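K.L.:
need a structure here:
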Amino acid sequence: MTDLPNLRIERVDATEPLLEDWRHVHNVIVPPAAMDLDEVRERAGRNHLEVAYLDDVLVGCTTVRPPTDDTATATVIARVLPAHRHQGLGEQLYVRALAQARELGARRIETVVLAANTEGLRFAERHGFVEFDRYTLPGESALWIDLRLA
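P.N.:
Down below sits the predicted model:
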């Protein structure tokens, strides 16, 4: 992995611009689960959310859902806007999020990918994730894939 010296990553807190930037990336990558600002604010209160900028350009975001059950399973999601893919950004975001999950006590790591996001699915599989479930949410048609780090 090559470190990008101009990559800046910030934790999302109650700051409106950070919430909005995380929301923007999430909604571009996962349109069937688009969120409004209040939903992002609520999510930031229970998960570790970060946004990434290359120089001052928004390029991606991450979500780390801390372990909450007796299996110590955390969910790690890295998202990179399409125009900024294939530059090593996803790798850096993923490695950072994985380390955060482990610092929070995770013994098992999972991720979830929208099935239509074929690049995201390939990224997860290249990083050792193995599919264990496919589903659609009640009342929706989007197919989701849950994967576990082998």
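K.L.:
tell me the pLDDT at Met1?
P.N.:
Met1 is assigned 49 on the pLDDT scale.
K.L.:
likewise Gln87?
P.N.:
Gln87 carries a pLDDT score of 92 in this model.
K.L.:
quick one: it from Arg65, how far?
P.N.:
26 Å (C-beta to C-beta, to the nearest Å). (C-beta placed from N, C-alpha, C; glycine too.)
K.L.:
so which helix or strand takes in Arg134?
P.N.:
strand 129-136 (DSSP states H and E).
K.L.:
That strand pairs with which strands, and in what direction?
P.N.:
Strand 129-136 sits in its sheet next to strand 143-149 (antiparallel), going by DSSP bridges.
K.L.:
List the contacts of the nearest residue to Thr136 once chain neighbours are set aside.
P.N.:
Counting by C-beta to C-beta, 6 or more residues apart in numbering, Thr136 lies nearest to Leu143, which is 5.7 Å off, once chain neighbours are set aside. With contacts defined as C-beta atoms under 8 Å, 6 or more residues apart in numbering, Leu143 is in contact with Leu114, Ala115, Ala116, Arg134, Tyr135, Thr136.
K.L.:
Neighbour count for Gln87 and Arg65, which is higher?
P.N.:
More crowded of Gln87 and Arg65, by other C-beta atoms under 10 Å: Arg65, with 21 against 15.
K.L.:
Correct me if wrong: the more buried one contacts Ala97.
P.N.:
No: in this structure Arg65 lies outside contact range of Ala97 using C-beta atoms under 8 Å: 10.2 Å.
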